[in-house]
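Participant: Got a predicted structure here, sequence first:
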Amino acid sequence: MARPGLGLEARWSGIGAATLWGCALAVSGCTSPVLFAGDTASPDAGAGAADGSPGMDAGDQDAGDQDAGVGDASALDAPMLDSGPSGPPCADGTTDQVYLPDGMVGCNGNMDQCTAAALCGAGWHLCTYSEYASRGGATISPSTTRWIASCVRDVDCALAPAPTDAICSSCIPGNGPSVVVAARCGGGLPLNEATCGLGVWAAPDMETLLSETTCLYARAQSADRARGATCCR
């Protein structure tokens, strides 16, 4: 004989719904779970329960936004990687020539070598000689002349053994003995310069500078000349 008050006693004793699940009660012909008010369904009895009844877990919590919606595919769960500078390569918002996408571009302007980096956009810098040589300076002719960060003869008139990877220390040129600073590729006389403070810019003619043997679209000129900038990142 069924004991009166079993459901109430079970809840009070902490046994909960598990004790009363299924046909635990002596009710003849019971085919579905018997739950008392306040009890909860098993968290694993979803939409596919054997009795065909909808489960407590088949709602928004399992198939909605919480588990498979925006929350799992949004930037909160998968932060975006830093994609580099957000602005354009050139400070004026344009890209005047592309050597290497996301690597080296030409920005037109009229700056001396000491200020040419201002033509480059945020996150970009004036390309060094090494960068220029490896990113297209040996194969792509510039559409106009633009500075790179390199010096072959500084303002103290000391001749570098090879093109540097930095601008000249000053853009106020001086004069000294005439020295060979370059040779035209494909033949021709060596190029002499008496100017001290010789920077390097991208030029339409191919030359070898100082001891370098690789021909580049580059030339040594007084660092006070107005040119554009070759920008890298």
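Facilitator: Structure's in. What do you need? Numbering: from 1, shown residues only.
Participant: Can you point out the buried residues in the helix or strand that contains Leu191?
Facilitator: Per DSSP states H and E, Leu191 falls inside strand 190-196. For strand 190-196, a neighbour-count test (16 or more other C-beta atoms under 10 Å) marks Glu193, Thr195, Cys196 as buried. The way it works is simple: take the backbone N, C-alpha and C, and place the C-beta from them, glycine included.
Participant: Same question for stretch 168-187.
Facilitator: Buried-residue list, stretch 168-187, by 16+ other C-beta under 10 Å: Cys168, Ser170, Cys171, Pro173, Gly176, Val179, Val181, Ala182, Ala183.
Participant: is it true that the first one touches Asp112?
Facilitator: No - using C-beta atoms under 8 Å, Cys168 makes no contact with Asp112, being 9.7 Å away.
Participant: intersection of neighbour lists for those two?
Facilitator: Common neighbours of Cys168 and Asp112 are listed as Ala223 (criterion: C-beta atoms under 8 Å, 6 or more residues apart in numbering).
Participant: Mind jotting down where the strands sit in this protein?
Facilitator: Using DSSP state E, the strands of the chain run over 97-100, 104-111, 125-126, 146-153, 174-184, 190-196, 198-209, 216-222, 227-232.
Participant: Most widely separated two among the buried residues of stretch 168-187?
Facilitator: Farthest pair in the buried residues of stretch 168-187 (C-beta to C-beta) is Ser170 and Ala183. Separation: 26.2 Å.
Participant: where does this protein have its least confident helix or strand?
Facilitator: helix 17-20 (a mean of 35; mean pLDDT, DSSP states H and E).
Participant: Could you export the strands of the chain as CSV, including distance to Ala91?
Facilitator: Below are the strands of the chain laid out as CSV (distance: least, C-beta to C-beta, whole Å):
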stretch, distance to Ala91
strand 97-100, 15
strand 104-111, 7
strand 125-126, 12
strand 146-153, 13
strand 174-184, 30
strand 190-196, 28
strand 198-209, 18
strand 216-222, 22
strand 227-232, 9
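Participant: So for Thr164, which of these sits nearest?
Facilitator: Checked against C-beta to C-beta, the stretch from those lying closest is strand 146-153, at 4.9 Å.
Participant: Output that closest one as CSV, restricted to C-alpha atoms.
Facilitator: Output of strand 146-153 as CSV, limited to C-alpha atoms (Å, rounded to 0.1, in the frame of the first residue of the first chain):
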residue,chain,number,x,y,z
ARG,A,146,61.8,58.5,-53.2
TRP,A,147,64.2,58.3,-50.2
ILE,A,148,65.2,55.2,-48.4
ALA,A,149,67.0,55.1,-45.0
SER,A,150,70.6,54.7,-46.1
CYS,A,151,73.7,56.8,-46.3
VAL,A,152,76.9,56.3,-48.3
ARG,A,153,78.9,59.4,-47.1
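Participant: who are the neighbours of that strand, in terms of helices and strands?
Facilitator: strand 104-111, strand 125-126, helix 129-134, strand 174-184, strand 190-196, strand 198-209, strand 216-222, strand 227-232 (3 or more C-beta pairs under 8 Å, 6 or more residues apart in numbering; DSSP states H and E).
Participant: relative orientation of it and strand 190-196 in degrees?
Facilitator: Angle, strand 146-153 to strand 190-196, by axes from the mean of the first three to the mean of the last three C-alpha atoms, to 10 degrees: 80 degrees.
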